[in-house]
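Colleague: Provided below for reference: sequence and predicted model.
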Amino acid sequence: MSFEALERIPEEELVRRWERCRSLLRTQLPDAGGVFVFSRMNIYYFTGTWVNGVFWLPLEGRPVLLVRKGIERVRLESAVEQVAVYRSFRELPGLAAEAGSPLSESVGVEMSGLTWALGQGLARHLSGHDLRSADGVLNQTRAVKTPWELAKMRLVGARHDHCLRELLAERIAPGMTEREISIRIWEVFFSQGHHGLLRMQNHGEEIFLGHVSAGDSANYPSVFDGPVGLRGAHPAVTHMGYAGTVWKAGTPLTLDVGFGLEGYQTDKTQVYWAGACEDIPEQAHRAHDFCIAVQGWLAENLRPGAVPSQLFQHCWDWAEQDGWGEGFMALGGNKVRFLGHGIGLAIDEWPALAKGFEAPLEQGMVLALEPKIGLPGLGMVGVENTFEVTPDGGRCLTGSDFSMICVEPG
């Protein structure tokens with residue numbers, strides 16, 4: 001049988017990624033002679049194929065991709081030349097040596113890409129090597145998008161904005177349930193190529209479509225690491241919207257939903273108002289406008305060299321000074337202490353706009369900025385959009401109109 005890959009990442013694109021990782025490895029783990037990558041997401045990033053396996057990137061020499069199953073697919077999709085099958089971690093040193101890229105004494109390891117049990121097994125089989133965490137190196141490698149990646153994310157963002165600001169408003173109306181609205185969102189998303197899957201990389205985090213919250217559902221207690229609360233489809237599936245909650249006249253509808261295409265994602269929150277725009281309460285107007293102003297300031301300062309923790313603190317203090325401290329980034333136990341996050345192959349990438357993130361931003365990073373305010377008894381207003389870091393400030397990939405969209409009953 002003869003097959004062709006749906007897409008094959010060019011070798012020069014992969015080499016660019018390998019070299020950035022190697023550069024970071026030299027400065028942050030100078031004793032390590034290479035890095036082992038275990039998560040499928042990072043293996044895809046470095047090889048162009050989504051596979052159950054191990055990727056060995058030595059500081060010098062040819063990378064090696066070892067797989068448990070599907071080597072035929074790997075050869076179709078990946079430009080990596082050194083590929084082999086393995087069954088146990090005990091085979092890794094021998095296979096790497098056979099490929100001409102033997103393991104070093106000190107080895108960087110993607111520790112977050114393994115379960116505790118698998119990590120113990122790796123340590124046992126590589127007992128002669130010093131295993132060092134390389135998670136920070138890998139996070140920072142992916143944080144700066146290449147021109148190839150940015151082209152994809154700009155396309156994703158444009159379709160995301162088109163769906164939420166142009167297509168969806170004609171298909172939803174007050175009186176619909178959150179679940180009915182979720183279905184309409186999927187309809188317009190799929191019509192524009194959404195691949196039906198959103199990915200997160202932090203352990204235990206899941207997402208499906210996103211948050212569909214009518215009225216005070218947006219303040220419903222949440223365990224998700226984000227400001228928008230929601231009832232979800234069921235206590236076992238805390239995503240999308242609940243079939244028993246109706247979007248009522250005189251309330252906001254907060255949609256915090258991601259769009260995915262060809263592996264990459266953008267994040268956007270769009271607020272709709274059930275009724276005429278002149279009927280939006282003054283407090284909701286002011287809160288939404290404040291969030292737009294915060295997003296605008298952050299975007300203006302989203303430049304190479306800016307320090308994420310400083311951007312966060314400026315806006316956090318601003319919200320307190322302007323009287324929005326209680327509801328800024330959610331109410332009560334839903335409150336989160338960040339204002340944005342990196343995004344790309346995963347929704348939740350490095351860095352975050354939060355305390356503790358001191359490494360300066362770099363050109364080509366992509367972040368979702370999401371200032372929001374919870375209003376007791378009403379719901380949540382605010383914005384979220386995806387921005388590319390440039391020398392001239394953040395370039396928005398998900399549109400330029402951040403106002404609420406008013407939808408009157410039919």
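Modeller: Cool, the structure landed.

Colleague: Please parse this structure into its domains.
Modeller: 11-142, 144-407 (automatic domain parsing).

Colleague: residues in contact with residue 58?
Modeller: Residues in contact with residue 58 (Cβ atoms under 8 Å, 6 or more residues apart in numbering) are 33, 34, 64, 96, 101, 104. No exception for glycine: its C-beta is placed from N, CA and C like everyone else's.

Colleague: for residue 396, same thing?
Modeller: For residue 396, the contacting residues are 157, 299, 385, 386, 387, by Cβ under 8 Å, 6+ apart.

Colleague: contacting residues for the residue found closest to the third one once you drop the neighbours it is linked to in the chain?
Modeller: With Cβ to Cβ, 6 or more residues apart in numbering as the measure, residue 398 is the residue that lies nearest to residue 385, at 4.5 Å, once sequence neighbours are left out. Residues near residue 398 by Cβ under 8 Å, 6+ apart: 157, 158, 160, 161, 266, 267, 268, 385, 386.

Colleague: Just those residues: which are in strands?
Modeller: Judged by DSSP state E, the contacts of residue 398 include 266, 267, 268, 385, 386 as members of strands.

Colleague: neighbour-wise, which of the residues you listed leads?
Modeller: Using other Cβ atoms under 10 Å as the neighbour test, the ones in strands among the contacts of residue 398 are led by residue 386, with 30 neighbours.

Colleague: how close does that residue sit to residue 367?
Modeller: When Cβ to Cβ, to the nearest Å is the yardstick, residue 386 and residue 367 sit 7 Å from each other.

Colleague: anything in contact with each of the two?
Modeller: In the contact map built from Cβ under 8 Å, 6+ apart, the residues linked to both residue 386 and residue 367 are residue 343.

Colleague: for residue 77, what are its contacts?
Modeller: In this structure, residue 77 makes contact with 5, 6, 7, 8, 48, 49, judged by Cβ under 8 Å, 6+ apart.

Colleague: For these, give me TSV that also has distance to residue 353.
Modeller: Compiled in TSV, these are given as follows (distance: Cβ to Cβ, whole Å):
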residue	distance to residue 353
5	37
6	35
7	32
8	35
48	30
49	33
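
Colleague: Quick one, which of these are buried?
Modeller: 48, 49 (16 or more other Cβ atoms under 10 Å).

Colleague: of all the contacts of residue 77, which comes closest to residue 120?
Modeller: The shortest approach to residue 120 among these belongs to residue 49, at 27.4 Å (Cβ to Cβ).

Colleague: Which pLDDT value goes with that closest one?
Modeller: We have a pLDDT of 98 for residue 49.
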